[in-house]
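Q: Sharing a model prediction with you, sequence too.
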Amino acid sequence: MTAPTDPASDPSAEAAGGPSSPATPPSSTSSLGRNSIVMAAGTAASRLGGLVRNMMLVAAIGSVGSVANAFDVANKLPNVLFAILAGGMLNAVLVPQIVKAFRAHNAQERVDKLLTIAAVGILAITAILTGAAAWVVMLYTDGWSAEQLALGTVFAYWCIPQLFFYGLYTLLGQVLNAREQFGPFMWAPVANNVVSVIGFAVFLVVFGGAPDTGINDLSEWDTPRTILLAGTATLGIVAQALVLLVPLLRSGFRWNLRLGLRGIGLRSAGAVAMWTFAAVVLEQAGVLYLTRVASAAGAAAEAGAAGVSADLVASNGAYTQALLIYLLPHSLVTVSIATALFTGISKAAQAGDTDRVRSDLSLGLRTIGVFTVFATAALVVLAGPATAFIVPTAGETGTSVIAPVLVALSFGLVPLGGMALMKWVFYAYEDGRSVFWITVPSTVALVAGLVAAQIWLPIELWVVAAGGAYALSNWITVLLRTGGLKRKLGGRLDGGRIFVLHAKAVLAAVVAGGAGWGVYQLVGGFDVLSFGSGWLFTMLSGLWVTALCGLVMLAVYVLLLRLLRVEELNGLLGPVLARLRR
């Protein structure tokens, strides 16, 4: 129900500038390996805890219904607002200056001023937006009743203050990174998950869980429920930020409040920051319209305009659940591959070594493609059991609504991996302008797809079409970035090898998908999932069906790639096989 809480899993982070802040590299190979292991472990723990947190939240308020949609919009607002803030002021302006400040002769003074200015600015913005919560909720919704708007507004009053603590988390985390303390920033979201799991568990004990069809009778929703639910969500973000003070204080760092703009380097923030900020704002405009369309679908269904039961129409809550599952492969694998290549690409770009940039980009796109093509096939074929496994508390109704949206989103997974790596290449050349202008047609395509869905499709397909429009915008983005990088890299982009790799991977994935679908139908398909027997049985049934069919698909896919002599498979499987041998 909630938007992702870390940049790697947040789609809005794609426009925010790649790695939120390339930190100072470690001083040795051994420390690089050690830090990589710590960061990877933190990311995995955060993902696992996040899934448990999300499962309990869905158990409390459902994935469909008026309350679920109201909370989804309210709790998404600080994430959207922070994406704009991070892309403009933090990632593009302040974070690079924090890294530079530690190399200056007056490092403590500069860091103190940067942190104080940023914190005061974020606090002021948070206060203004919290006061304007009613107008912000109305901006992001369409067709809601007065009661649902009122509930969404109350949720927003509790949730928008998360914006300040998201900012504090980013600032403190980048200070730690600049001091070569990489682990705490990746592990801090675990504190959020722990607090949230405890709070949502208390909610379930005190108030019970939501029915399979969600909560639509707002007269039964009272203030204690609101405070416990939304207060828990915000308290988790507070914990995520404040826990970073522990390693900072232990390391001897002290933050002294100092105001002043002189001598902190903000004037050096050039046009890249401006174009980065503009691209983020434009992308979030598309997200805003998508949110309004999803809210309108839910409102129309509840008003009886859909001609089907309202709980069978996907709205904001269902879209967020589908997005969470869709982003898992990207955040767990694709981001790791792209991040590993980013440092080399950045150094090569600064040195004017175009051939090295082209070679690393090609390697990254081909390696990522091997994974994302298979992940697309797996999500399309196994959307139902995967949803039952990852969000078992959604129940049969929620799963049947979420799965089609997930299928539509999945067709944008291949370009998502490519466009993330390509964007980082643009930023390696300090070219934010191209990123912005490419964002224009992709956002227009997203909005156009949403408008077309509202005009020509039945209400129950609006959010499914939103997933398809999002996927289409990804393809437009990656194609336009391909053209832009081809011009930037001397008219060549190793396109032949990249195309052949993807063609082979698609062929193997189609055959593997057919095999997986056959096994899925053989074991009973959607009907074999244990809905109605409790969330644990639902999770276990989703697990064994996903595992069985997924392993069949993987075996067929790897075998065919071997027969097709796809060498990039070794780069993807090599580290895993080496660890298994040890």
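A: The structure has been received and is ready for your questions.

Q: drop to CA atoms for contacts and neighbour counts, all remaining ones
A: OK.

Q: average pLDDT for the helix or strand encompassing Val58?
A: Assessed by DSSP states H and E, Val58 sits inside helix 29-61. Helix 29-61 comes out with an average pLDDT of 70.

Q: got the CA positions of the following helix or strand past that helix in CSV?
A: Going down the chain from helix 29-61, the next helix or strand is helix 66-85, by DSSP H and E. Presented in CSV, the C-alpha positions along helix 66-85 are these (Å, rounded to 0.1, in the frame of the first residue of the first chain):
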residue,chain,number,x,y,z
SER,A,66,-12.2,3.3,0.3
VAL,A,67,-9.9,3.2,3.4
ALA,A,68,-7.1,1.4,1.5
ASN,A,69,-7.2,3.9,-1.4
ALA,A,70,-7.4,6.9,1.0
PHE,A,71,-4.4,5.8,3.0
ASP,A,72,-2.5,4.9,-0.2
VAL,A,73,-2.8,8.4,-1.6
ALA,A,74,-2.0,10.1,1.7
ASN,A,75,1.1,7.9,2.4
LYS,A,76,2.3,8.2,-1.1
LEU,A,77,2.3,12.0,-1.0
PRO,A,78,5.5,12.4,1.1
ASN,A,79,7.3,9.9,-1.3
VAL,A,80,6.3,11.9,-4.3
LEU,A,81,7.1,15.3,-2.7
PHE,A,82,10.4,13.9,-1.6
ALA,A,83,11.2,12.7,-5.1
ILE,A,84,10.9,16.2,-6.3
LEU,A,85,12.8,17.7,-3.4
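
Q: Which elements pack onto helix 66-85?
A: In terms of contacts (3 or more Cα pairs under 8 Å, 6 or more residues apart in numbering; DSSP states H and E), helix 66-85 is packed against helix 146-159, helix 162-178, helix 223-242, helix 271-302, helix 316-329.

Q: residue contacts, Thr372?
A: With Cα atoms under 8 Å, 6 or more residues apart in numbering as the criterion, the residues that contact Thr372 are Pro329, His330, Thr334, Leu413, Val414, Gly417.

Q: ok, the closest residue to Val357 other than its chain neighbours to Leu249 distance?
A: Leaving out its chain neighbours, the residue that sits closest to Val357 by Cα to Cα, 6 or more residues apart in numbering is Ile345, at 5.2 Å. Separation of Ile345 from Leu249 (Cα to Cα, to the nearest Å) stands at 34 Å.

Q: ok, those two, which is more surrounded?
A: Ile345 (24 against 11; other Cα atoms under 10 Å).

Q: Secondary structure element holding that one?
A: Following DSSP H and E, the helix or strand that holds Ile345 is helix 335-350.

Q: What lies in contact with that helix?
A: Contacting residues not belonging to helix 335-350 are listed as 8, 19, 354, 356-357, 360-361, 364, 368, 417, 420-421, 424-425, 428-429 [Cα under 8 Å, 6+ apart].

Q: what's the burial count for Thr223?
A: Using other Cα under 10 Å, Thr223 is surrounded by 10 other residues.

Q: Tell me how far it lies from Val58.
A: Taking Cα to Cα as the measure, Thr223 falls 19 Å from Val58.

Q: Do I have it right that Val308 meets Glu302?
A: No. Between Val308 and Glu302 there is no contact, the gap being 9.4 Å when judged by Cα atoms under 8 Å.

Q: ok so, going back, generate JSON lines for the helices and strands packed on helix 66-85, with distance to Trp517 as supplementary columns.
A: Putting the helices and strands packed on helix 66-85 into JSON lines (distance: least, Cα to Cα, whole Å) gives the following:
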{"stretch": "helix 146-159", "distance to Trp517": "40"}
{"stretch": "helix 162-178", "distance to Trp517": "42"}
{"stretch": "helix 223-242", "distance to Trp517": "38"}
{"stretch": "helix 271-302", "distance to Trp517": "30"}
{"stretch": "helix 316-329", "distance to Trp517": "19"}
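
Q: With mean pLDDT added, can I get those helices in TSV?
A: Supplementary listing: these in TSV, determined by pLDDT from 0 to 100:
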stretch	mean pLDDT
helix 146-159	96
helix 162-178	85
helix 223-242	96
helix 271-302	87
helix 316-329	94
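
Q: for those, which one sits closest to Ala68?
A: helix 316-329 (5.9 Å; Cα to Cα).

Q: The closest one - contacts with which helices or strands?
A: Counting contacts by 3+ Cα pairs under 8 Å, 6+ apart, helix 316-329 is packed against helix 66-85, helix 271-302, helix 354-381, helix 395-410.

Q: Go through the ones you listed and name the closest to His502.
A: helix 354-381 (6.3 Å).

Q: quick check: angle from the closest one to helix 335-350?
A: With axes from the mean of the first three to the mean of the last three Cα atoms, to 10 degrees defining the directions, helix 354-381 sits at 160 degrees from helix 335-350.

Q: In what element of secondary structure is Arg481 found?
A: For Arg481, the secondary-structure element it belongs to, assigned by DSSP H and E, is helix 462-488.

Q: Show me what the next helix or strand after that helix is packed against.
A: Secondary structure here is assigned by DSSP H and E; on that basis, the next helix or strand after helix 462-488 toward the C-terminus is helix 495-522. Contact partners of helix 495-522 among helices and strands, from 3+ Cα pairs under 8 Å, 6+ apart: helix 354-381, helix 535-563.

Q: gap between stretch 209-219 and the chain center?
A: For stretch 209-219, the distance from its own C-alpha centre to the chain's C-alpha centre is 27 Å (Cα atoms, centre = their mean, to the nearest Å).

Q: do the same with stretch 467-482
A: Between the mean C-alpha position of stretch 467-482 and that of its chain there is a distance of 16 Å (Cα atoms, centre = their mean).

Q: Give me the three-state assignment for Asp212.
A: Three-state secondary structure (criterion: DSSP: H, G, I helix; E, B strand; the rest coil) places Asp212 in coil.

Q: Leaving out sequence neighbours, find the closest residue to it.
A: For Asp212, the closest residue by Cα to Cα, 6+ apart turns out to be Gly395, at 5.6 Å.

Q: Can you get me a residue count around that neighbour?
A: Quick note: Gly395 (other Cα under 10 Å) scores 26 neighbours.

Q: wait, what's in contact with the closest residue to Gln454 other than its chain neighbours?
A: The spatially closest residue to Gln454, leaving aside those adjacent along the chain, is Trp462, at 6.4 Å (Cα to Cα, 6+ apart). By Cα under 8 Å, 6+ apart, the contact set of Trp462 is Val293, Ala294, Ala297, Ala314, Leu450, Ala453, Gln454.

Q: surely the second one meets Ala465?
A: Same thing as Ala294. No. Judged on Cα under 8 Å, Ala294 makes no contact with Ala465 at a distance of 10.1 Å.

Q: For those two, indicate the residue with more neighbours.
A: Comparing Ala294 with Ala465 by other Cα under 10 Å, the one with more neighbours is Ala294, at 27 against 22.

Q: Now do that one against Gly65, distance only.
A: Ala294 sits 12 Å away from Gly65, going by Cα to Cα.

Q: Also Ala301?
A: With the distance defined as Cα to Cα, Ala301 ends up 10 Å from Gly65.

Q: what residues are shared contacts of these two?
A: Between them, Ala301 and Gly65 share these contacting residues under Cα under 8 Å, 6+ apart: Ala310.

Q: Since that was my last question, I'll sign off now.
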